[in-house]
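Undergrad: Sequence first, then the predicted structure:
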Amino acid sequence: MTGPVVPPPDPIGLPAPPGLLQGLLVFTFFLHVLPLAMTVGGAVITLASEVAGRQGHGHHQRLARELAAVLPASVAYTITFGVAPLLFVQVLYGVFFFTSSIILGWLWFLMIPAMIVAYYGLYLVAWFRERVGRAAPLVLAVAGLLILYVAAMHAKNQVLMAHPEWWPGRYFGPAAGPTPVLPVLPRLAHAFFGLLGLAGLAVSLYGHRVWRADREYGRWVARSGLAWVLGAAAAQIVVAPWYWLTLPAPIQSRVLAGGLGGGLLLAAPLLAALGVGLLALAAAAMKPGPAIAAGVAMVGATAALVGLRDLVRQLALLPHLPAGAWALALQVGPAVMFAVVLLAGLALVGYLLARVAGELRAPPVPPPAPVSGTAGRAPGPGPAPPAQAG
Amino acid sequence: MNYPHWDVPLLGGGLIIAIVAVTHVFIAQFAVGGGFFLVLGERWAYRTGDARLLAYIKAHSRFFVLLTVVLGAVTGVGIWWSIALVHPTGTSALLRVFVWGWATEWVFFIVELSAALLYYYTWDRVSRAAHLLIGWVYAFSAWGTAAIINGIVSFMLTPGRWLETQNFWHAWLNPTAVPSLFLRTLVCIALAGLYALVTATWLADGGLRRRVVRWAAGWLWPAFVLLGPGAAWYLSQAPESARAIVFGGAPAVSLMFMVSVAGSAVLFLTVLLGPYRDPASASRPLVLVVLLLGLVVTGGTEWVREAIRKPYVIHGYLYSNHVFVHEADEVADTGYLTRARWVASSHGIPALHPGEDVFRVACASCHTVDGYNGLRPLVRGWNVEFAEFQLSHLDTLKEFMPPFLGTEDERGALADWLVSLNQPREAPVVGGER
Ligand code: HEM
């Protein structure tokens, strides 16, 4: 005999209508996915380029270095952009999310050390390459595996939270309920190839940009990015349906029946295919227009999938949601504070970026004023090494 | 009671939170104060035209980014991971009260991170004015994140009028929010100096090294002068029960409080009488020892801050063992087990001992069996009658514990299980008692 497993609702009501919180959840999760693509897919492409560079291929070496240099920042934004969806998912679906993550227990907790080690590994390769030397591919591989571990635990938790009927067996052992193998792999693989494709897109777009200054290398980068996109898309032809088939049948039919679900399900592959086609066109002719359009289409496909993903989750969870879990205790003032600070914060970051971009583009500043000696502008680009250390 | 229990042998969930949180606080407070240190140092270098000082500030910024953006940020996420595993009910309550506050803090994180990376990557590549501006944006947004989270953490000790109004602003601007922010700001400034002493002692150059050491050590002055009055202010706003715990109610807490105060005094005097007065005396081992002492003091103070909130997670609202104050009477009628969703017996699994199920629900959020705050040593020598007596008067015998709300049967079962911990164990355990 099994008692109820979903916890009773939190006595404090939701601070905003569920629709708004769901919208913010989906939107901020979408923001999480963009740098995530660079983190997961970028790590893979960097590692591959690093290994290929070992064979003495100059372009591979250069690409590996350039990509490695951005990975720490992309992890930083992945993590920061994960904060907001975590807030909203726990506010809305805490009864499911907390329970399933507790059932995962150490597996869930170990994401934290995994992130720390992976992150430092990426900094090692980006900032201390000379010291890392020939171990760079090894360090990248370890970091990549740890990042994959983090992604896998996210996916595992998502699967488990959607299936309260599997919780007791997982927690107490088979005597308490069914303990099927969780269908994590198809979900993870679907996410992985999606992220890899997006990273390939970013590389290809980067190639188009570099092309303006360096034709040969730019073309090569645009095409190798395209190759990653093609590979990921090919894998997705098998993996995406595989993932779809692991969804419970009632959810499948409800997605297909509803206008929004069916629309998103159709839009995602179409947009993705359109994007791949445009990107190929762009790389063949080295034309920026189609490349940008390809980017829009593929990011659009990602948005459609993010929306679909949330729809599927709603279909799975809402029937289990305890009565009163979404009672309202509106907080208007604090919501306004958030909106105002968000706009101000984005404006501030935008201003700083624009100012930096403007100054970087401007011709070199004249030599520093005599009073300040040479303090202001030591020669050479990039951050200084740890001066006078030791 | 409503969630499964994450079993952490020996350490217990509470200690996991503490380890992650103390690491985080020790770095994150540096992340706040250190921002001001960097811009002010940079400005000083420009004003004096000192290229080598500027080179030091750059090197310090590298150390700063590597420590704060990685370990500082991820351990911050780690606190959230661990409280959600250990105290899902409390975490959920905090989220429902503060989701907009946290969302606002998230915006500050984005600004802070962007400014940190821009600051680092644009050294020597943009005008001085732009670079300093980026630094200021970093420093103030970092302080802003601290100001927001401080309101949330202090709420747990003094929810104040929120208990009646359920109003966000009453929660956030609670009675200890301002004194606590004052204290934390002082500590942030002091830690900026302390960490800078570490990088300053990497400098080889005699004159520069001495100047930087003296300057960095001077950052401890505000805290040295004002921490005492600040702490008194803070404690004056804390609940009576909290003061009682610090001043004798729970000897372990009083002891830790004394250790923190004494440790802080030693730390400040060491730096101010040593490196500050005589910068040439600053050696790397000395500075590292002082930094370590700083970590110990941070750990001690945070531990005390947590301990004085007992027996609550949110004072007057939610007990440490996941029972809401407003449902206590009801729980006292029905007992724990009929309500608990995640005990073995409610899933048809026989518990090893019926009392063990009660332990999991009512005690395990703070106690382990053999490790941190372990029960086995605490119940040594108890018999069943004594255990029942203790359980019946738990909250009055030990003010920092919640009342035991189980039925008579549950109390009996728990007492029985507690006493069974006294029995010699069947199989010898490696490293166990002799
Ligand atoms: C390197 C670090 C990270 C990686 C590789 C990563 C990867 C992923 C992946 C693959 C998913 C999709 C899971 C699925 O639906 O199957 C996901 C979801 C999510 N991630 Fe991350 N993540 C990282 C860090 C973080 C951090 C630090 C946070 C929070 C602070 C976070 C918050 C979230 C949330 C809340 C979701 C689910 C959103 C929802 O339920 O709709 N992530 N992440």
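TA: Structure's in. What do you need?
Undergrad: what separates the residue nearest to B:I27 when sequence neighbours are not counted from B:R96, distance-wise?
TA: Spatial nearest neighbour of B:I27, chain neighbours left out: B:G72 (3.9 Å); criterion: CB to CB, 6 or more residues apart in numbering or on different chains. (C-beta placed from N, C-alpha, C; glycine too.) Separation of B:G72 from B:R96 (CB to CB, to the nearest Å): 27 Å.
Undergrad: Ok, A:Y149 next?
TA: Taking CB to CB, one finds A:Y149 at 31 Å from B:R96.
Undergrad: which of those two has more neighbours?
TA: More neighbours surround B:R96 than the other of A:Y149 and B:R96, with 21 against 16 (other CB atoms under 10 Å in any protein chain shown).
Undergrad: Let me know the helix or strand that the more buried one is in.
TA: Assessed by DSSP states H and E, B:R96 sits inside helix B:88-121.
Undergrad: Show me what from chain B comes close to the ligand.
TA: For chain B, the contact set with the ligand under CB under 6 Å from any ligand atom comprises B:V77.
Undergrad: Show the backbone phi and psi for the spatially most distant residue from the centre of chain B.
TA: For chain B, the residue at maximal distance from the C-alpha centroid (CA atoms, centre = their mean) is B:G49, at 41.1 Å. Phi and psi for B:G49, reported as degrees, to the nearest 10, are phi 60, psi 30.
Undergrad: I'd like the distance between it and B:L391.
TA: Distance, B:G49 to B:L391, using CB to CB: 72 Å.
Undergrad: Ok, B:I245 next?
TA: 21 Å.
Undergrad: And the least confident helix or strand in chain B by mean pLDDT, what's buried?
TA: Lowest mean confidence among the helices and strands of chain B (mean pLDDT, DSSP states H and E): helix B:394-397, at a mean of 86. Neighbour-count burial for helix B:394-397, counted by 16 or more other CB atoms under 10 Å in any protein chain shown, picks out B:L394.
Undergrad: helices or strands next to that helix in the packing?
TA: Of the remaining helices and strands, none touches helix B:394-397 by 3 or more CB pairs under 8 Å, 6 or more residues apart in numbering or on different chains; DSSP states H and E.
Undergrad: Figure out how far the helix or strand following it is from the centre of its chain.
TA: The helix or strand immediately downstream of helix B:394-397 is helix B:408-420, counting by DSSP H and E. Mean C-alpha position of helix B:408-420 versus that of the full chain (CA atoms, centre = their mean, to the nearest Å) differs by 33 Å.
Undergrad: follow-up on the earlier one: my guess is the residue nearest to B:I27 contacts B:V32. True?
TA: No. Counting by CB atoms under 8 Å, B:G72 sits too far from B:V32 to count as a contact (9.8 Å).
Undergrad: With neighbour numbers in mind, choose between the two.
TA: Neighbour count, other CB under 10 Å: between B:G72 and B:V32, B:V32 has more, with 28 against 24.
Undergrad: Can you give me the buried ones in the helix or strand hosting the more buried one?
TA: B:V32 belongs to helix B:12-48 when assigned by DSSP H and E. If you call a residue buried by 16+ other CB under 10 Å, then helix B:12-48 has these buried ones: B:12-18, B:20-42, B:44-46.
Undergrad: Now do it and helix B:88-121, the angle between them.
TA: Angle between the axes of helix B:12-48 and helix B:88-121 is 20 degrees (criterion: axes from the mean of the first three to the mean of the last three CA atoms, to 10 degrees).
Undergrad: Now do helix B:12-48: which elements does it pack against?
TA: Taking 3+ CB pairs under 8 Å, 6+ apart as the contact cut, helix B:12-48 packs with helix B:51-65, helix B:73-86, helix B:128-157, helix B:177-200, helix B:206-218, helix B:284-307.
Undergrad: how about the ones you listed, which one is nearest A:R309?
TA: helix B:73-86 (21.5 Å; CB to CB).
Undergrad: Can that closest one be said to contact chain A?
TA: Yes. Helix B:73-86 is in contact with chain A by CB under 8 Å from any CB of the partner chain, via B:A73, B:V74, B:T75, B:V77, B:G78, B:W80, B:W81, B:S82, B:A84, B:L85.
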